[in-house]
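Novice: Below are the sequence and a predicted model; questions follow.
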Amino acid sequence: ETGVTQTPRHLVMGMTNKKSLKCEQHLGHNAMYWYKQSAKKPLELMFVYNFKEQTENNSVPSRFSPECPNSSHLFLHLHTLQPEDSALYLCASSQDGVTQYFGPGTRLTVL
Amino acid sequence: RKEVEQDPGPFNVPEGATVAFNCTYSNSASQSFFWYRQDCRKEPKLLMSVYSSGNEDGRFTAQLNRASQYISLLIRDSKLSDSATYLCVVNRANTGNQFYFGTGTSLTVIP
């Protein structure tokens, strides 16, 4: 299944590093999402983009910076993260909120 | 009050058993309803949408009660491969394609 792809699949970074997560959807959807899933916790919505415009920022710290250059690509830029930011970061897309499809996620570890 | 509430379980059932999960949602403007399945360390995947008239897909039956703001999932003849976390998800039309996830219900089917 390659509808929504994410890279890298695994990432280990130090607290002073800068890295970016990439998401690409091949489904022609108009909305894309970033979620964070920590161990034994529910999915936390971070950002929503509709037609490349950010429509939701769920009180996410500024050390997470999203970018949506077009309706098929979504990035999450990371800088000066904390160990508690270690989690699975999931990208998803949907068309008009009908059904949401997820990418495989990036498992992030912050040392 | 949470948008979506589920009993986290865990539910441990023998193979062949019938098991039911329940979910309640707080906002009466919720429009679309889904059950997702998430395997350990994997992304959520759509199991089935939930329609007002109720719907069935093989061993799985989903029901919606709008008056009570309640959604259910019934699994008949449980298989070992049904072991996963089941997520209840709702969507409201006036929230820019935003989806609301429950915490998930953990199911383990025992041989």
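Specialist: Arrived safely. All values reported here derive from a predicted model rather than from experimental measurement. Residues are numbered from 1 along each chain as shown, chains lettered A, B, ... in the order given.
Novice: Test my guess that B:Leu47 contacts B:Thr85.
Specialist: No. When contacts are counted by Cβ atoms under 8 Å, B:Leu47 is not listed as touching B:Thr85 (11.0 Å). Where C-beta positions appear, they are placed from N, C-alpha and C, glycine not excepted.
Novice: Between those two, which contacts overlap?
Specialist: Taking Cβ atoms under 8 Å, 6 or more residues apart in numbering or on different chains as the criterion, B:Leu47 and B:Thr85 both touch B:Arg37.
Novice: so what's residue 106 up against?
Specialist: Answering for chain A, as no chain was given. Going by Cβ under 8 Å, 6+ apart, the list of residues near A:Thr106 reads A:6-11, A:21, A:88-89.
Novice: think we crossed wires, I meant chain B
Specialist: B:Ser106 neighbours (Cβ under 8 Å, 6+ apart): B:8-11, B:85.
Novice: likewise A:Lys36?
Specialist: Per Cβ under 8 Å, 6+ apart, neighbours of A:Lys36: A:43-44, A:46, A:87-90.
Novice: Ignoring the adjacent residues along the chain, who's closest to A:Val60?
Specialist: In this structure, A:Val60 finds its nearest non-sequential neighbour in A:Met46, 4.9 Å apart by Cβ to Cβ, 6 or more residues apart in numbering or on different chains.
Novice: how many neighbours does that neighbour have?
Specialist: Neighbours of A:Met46 under the rule other Cβ atoms under 10 Å in any protein chain shown: 20.
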